[in-house]
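Colleague: Just the structure for this:
(one chain, ligands or ions: 1)
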Amino acid sequence: MNKSRESTPLRAPSSSATGTVALRWHGSSLELLDQRLLPAEEHWITLESASGVAQSIQDMVVRGAPAIGISAAYGVALAARRAEREDWQAEIKLAIRDLSASRPTAVNLFWALQRMERVFDGCNSLSQAQKRLADEAVAIHEEDLAANLAMADHALEAMGLSAGAGTPDPISVLTHCNTGALATGGYGTALGVIRRLHEKKLLERVFADETRPWLQGSRLTAWELMRDGIPVTLNADGAAAAILAAGEVRWIIVGADRITANGDVANKIGTYSLAVLARFHKVGFMVVAPSSTVDMALASGSDIPIEQRDGREIREIRGIPLAPAGVQVFNPVFDVTPANLIDVIITEKGAVRNPGINGMRDLFG
Ligand code: MRU
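Modeller: So this is what the prediction gives:
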């Protein structure tokens, strides 16, 4: 990972519509905010190769489905920039292959790489590929930010809180994992909806699950929300049931890593149990994700590859043991929430209420 970089003009979104950004594109390099070190340290890593980007996705320097896809697209653009004139096509293909092996569950990665591959297939020279692939990566980044802003509008409408709904009382919501500017091209999916509620003075409080084992909720979501002055209460994942039982929360709002043709949703481990709790306590359950997260090629959630990560993520924290050495660990980092537990899926194309095959087909073909 190279620390030096040329300062070329930015064409990618330079702001995320919030104070937080996860990635910065400089034309010849990609900078990633190292999310492994937050909230203690804000350290940026500069990458000039696709292999560096692939490694950073695998190691979770950058994470969150849309941010992974955007980073991978920039990785392909970097591969084109570094390619040798004679072997440029083979080098770019190899980069796409390496990037696609970085993480298995979020379909945004494969969606972005397929989009880059289509552009690459239409290029006749290295210089053309360099320009077109960089432009496409920036477009993917910009479109994701725009999708987040559109989803916030659709979500408020689905909650009956859009303009014209009188002056409703502020509500409290609960969220899981991190789905904010750190996980996307900016603003956020579920956290974008929460941001919009706050902007419209419709938010009383966000309860943020800490999200064991990687602690996206405590390390990232709480940090991101506090930076923007959004009222957040951090809770252990196991406290969610008590919070719902106390009648504190109107909606649970989460993101997604892959949504299948029948409306099943893969998201951070623990999401499924929240959906069960929401149904039991008659609390709304909303999934917010751009259409790049929808995988109509998979019939149902049981077809989604679920990433299993190293047991050390559960056995220890930053090298400090939390469990007996050598204990066997089960560490799937995503689970699948069945469509029938979801009240509404929001994408930039609109809402699918009570998702199922027909509703999904109507919106996504
Ligand atoms: O393992 P992560 O941190 O990449 O998982 C992230 C999530 O599960 C998010 O909820 C999901 O990607 C939606 S992000 C807008």
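
Colleague: show me where pLDDT drops low in the protein?
Modeller: 1-17 (pLDDT under 70).

Colleague: what sits against the residue in it that the ligand sits nearest to?
Modeller: Of all residues in the chain, residue 255 sits closest to the ligand, at 2.8 Å by CB to the nearest ligand atom. C-betas here are computed from N, CA, C, even on glycine. Residue 255 makes contacts with 64-65, 177, 179, 183, 189-191, 267-268, 287-289, as judged by CB atoms under 8 Å, 6 or more residues apart in numbering.

Colleague: what comes up buried for stretch 344-351?
Modeller: For stretch 344-351, the neighbour count (16 or more other CB atoms under 10 Å) marks 344, 345, 346, 347, 348, 350, 351 as buried.

Colleague: go on, stretch 147-165?
Modeller: For stretch 147-165, burial by neighbour count (16+ other CB under 10 Å) applies to 147-152, 154-159, 161-162.

Colleague: Please flag which of the residues you listed sit within helices.
Modeller: 147, 148, 149, 150, 151, 152, 154, 155, 156, 157, 158 (DSSP state H).

Colleague: which among those residues are in contact with the ligand?
Modeller: Residues of those in contact with the ligand (CB under 6 Å from any ligand atom): none.

Colleague: Save the residues you listed as TSV, and put in distance to residue 282 too.
Modeller: Converted to TSV, these look like this (distance: CB to CB, whole Å):
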residue	distance to residue 282
147	30
148	28
149	30
150	29
151	24
152	24
154	23
155	19
156	21
157	21
158	17
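
Colleague: Out of those, the closest to residue 79 would be?
Modeller: Checking these against residue 79 with CB to CB, the nearest one is residue 147 at 25.4 Å.

Colleague: now stretch 237-252, how far from the centre of its chain.
Modeller: Taking CA atoms, centre = their mean, to the nearest Å, one finds stretch 237-252 lying 23 Å from the centre of the chain it belongs to.

Colleague: again, but for stretch 199-206
Modeller: For stretch 199-206 - counting by CA atoms, centre = their mean - the centre lies 22 Å from the chain centre.

Colleague: how about that stretch: buried residues?
Modeller: By neighbour count on 16+ other CB under 10 Å, the buried set for stretch 199-206 is 202, 203, 204, 205, 206.

Colleague: Please narrow those to those residing in strands.
Modeller: Judged by DSSP state E, strands contain the following of those: 203, 204, 205, 206.

Colleague: farthest-separated two in those residues?
Modeller: The span of those, defined through CB to CB, is set by 204 and 206 at 8.9 Å.

Colleague: list the residues that contact both of those two?
Modeller: 172, 231.

Colleague: Next, format the ones in strands among the buried residues of stretch 199-206 as TSV and append distance to residue 216.
Modeller: TSV is the format used below for those (distance: CB to CB, whole Å):
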residue	distance to residue 216
203	20
204	23
205	19
206	14
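
Colleague: out of these, who's near the ligand?
Modeller: Contacts with the ligand within those, counted by CB under 6 Å from any ligand atom: none were found.

Colleague: of all the residues you listed, which comes closest to residue 250?
Modeller: Closest approach to residue 250 among those (CB to CB): residue 204, at 9.2 Å.

Colleague: Double-check the closest one against residue 172; I have them as touching.
Modeller: Yes - with contact defined as CB atoms under 8 Å, residue 204 counts as touching residue 172 (4.7 Å).

Colleague: Taking the buried residues of stretch 147-165 together, which two end up most distant?
Modeller: Spatial extent of the buried residues of stretch 147-165 (CB to CB) is set by the pair 147 and 161 at 19.8 Å.

Colleague: and the helix or strand hosting residue 192, what does it pack onto?
Modeller: In this assignment (DSSP states H and E), residue 192 forms part of helix 190-199. Applying 3 or more CB pairs under 8 Å, 6 or more residues apart in numbering; DSSP states H and E, we find helix 190-199 packed against helix 126-158, strand 171-175, strand 203-209, helix 222-227, strand 251-254, strand 284-288.

Colleague: Identify the residues contacting the fourth one?
Modeller: Looking back up the chat, that one is helix 222-227. The contact list for helix 222-227 (CB under 8 Å, 6+ apart) reads 18-20, 38-39, 178, 180-182, 188, 191, 194, 206, 208, 231-232, 234.

Colleague: Keep only those of those that are in helices.
Modeller: 191, 194.

Colleague: what about residue 47, neighbour count?
Modeller: Close neighbours of residue 47, defined as other CB atoms under 10 Å, add up to 25.

Colleague: Run through the bridge partners of it.
Modeller: Beta-bridge pairing of residue 47 under DSSP bridges involves residue 30.

Colleague: Near the ligand, which residues of the stretch 201-350 of the chain are found?
Modeller: Going by CB under 6 Å from any ligand atom, the residues of the stretch 201-350 of the chain near the ligand are 216, 255, 256, 257, 267, 268, 333.

Colleague: For the closest residue to residue 303 other than its chain neighbours, name its beta-bridge partners.
Modeller: Counting by CB to CB, 6 or more residues apart in numbering, residue 303 lies nearest to residue 260, which is 6.6 Å off, once chain neighbours are set aside. With DSSP bridges as the criterion, residue 260 is bridged to residue 295.

Colleague: quick one, what contacts the residue nearest to residue 196 when sequence neighbours are not counted?
Modeller: Closest residue to residue 196 apart from its sequence neighbours, by CB to CB, 6+ apart: residue 152 at 3.7 Å. Residues near residue 152 by CB under 8 Å, 6+ apart: 187, 192, 193, 195, 196.

Colleague: Distance of residue 152 relative to residue 36?
Modeller: To residue 36, residue 152 is 28 Å away according to CB to CB, to the nearest Å.

Colleague: for residue 203, same thing?
Modeller: In terms of CB to CB, residue 203 sits 29 Å off from residue 36.
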